[in-house]
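Engineer: The following block contains a protein sequence and its predicted model.
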Amino acid sequence: MDPDKALQLVVRPSDLRASGQSAAQLAQAVPAEDHALAEASGTAEGGLKGWTTATALHGCTANWVTLLNNLAGELGTSGTKLQQIALTYGSGDRDIADDLTGAGTTAGTTAQASAAPSRPDPFNTVIVGGRSAEER
């Protein structure tokens, strides 16, 4: 078995995008859960008036709400970044494919590009059935 194969990184923009969307959805759901937590804790505190447990429960709830809000912020940021990375990978893949084939997209159809690829081809690559970048 080739040891280099184990080192391959495979990126699927659709998986990155889906993960980013999931993280963003979770981040948006946290505030509702914060409210439910605070409400349940408030009810419990009301039944514990006069007990030191009520004060401890109030402090614990406040800390949890703070931590959950921080988590929501981090999830939202991570979700946005994952979606941006997915766009970058997808755009890069399309650019490379267009450079290799000399194709561009016009109104949803693939057409032969009239200009040379945006990146020079140092190897004068010839696409089977096509021409090198220098010949175009």
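Structural biologist: In hand now; what should we look at?
Engineer: Let's verify Val10: helix, strand, or coil?
Structural biologist: Secondary structure for Val10, judged by DSSP: H, G, I helix; E, B strand; the rest coil, is coil.
Engineer: Let me know the distance separating it from Gly50.
Structural biologist: 61 Å (Cβ to Cβ, to the nearest Å). Where you see a C-beta, it was placed from the backbone N, CA and C, and this is true even at glycine.
Engineer: and the residue positioned nearest the centre of the chain, what is it in contact with?
Structural biologist: Centroid-nearest residue in the chain: Leu82, 1.7 Å away (criterion: Cα atoms, centre = their mean). Counting by Cβ atoms under 8 Å, 6 or more residues apart in numbering, Leu82 makes contact with 16-17, 19-20, 23.
Engineer: Just those: which are in helices?
Structural biologist: 16-17, 19-20, 23 (DSSP state H).
Engineer: tell me which of those is nearest to Thr77?
Structural biologist: Distances from Thr77 to the ones in helices among the contacts of Leu82, taken as Cβ to Cβ, are shortest for Ala23 (8.8 Å).
Engineer: which residues touch that closest one?
Structural biologist: Residues in contact with Ala23 (Cβ under 8 Å, 6+ apart) are 75-76, 78-79, 82.
Engineer: Likewise for Ser78?
Structural biologist: Contacts of Ser78 by Cβ under 8 Å, 6+ apart are 20, 23.
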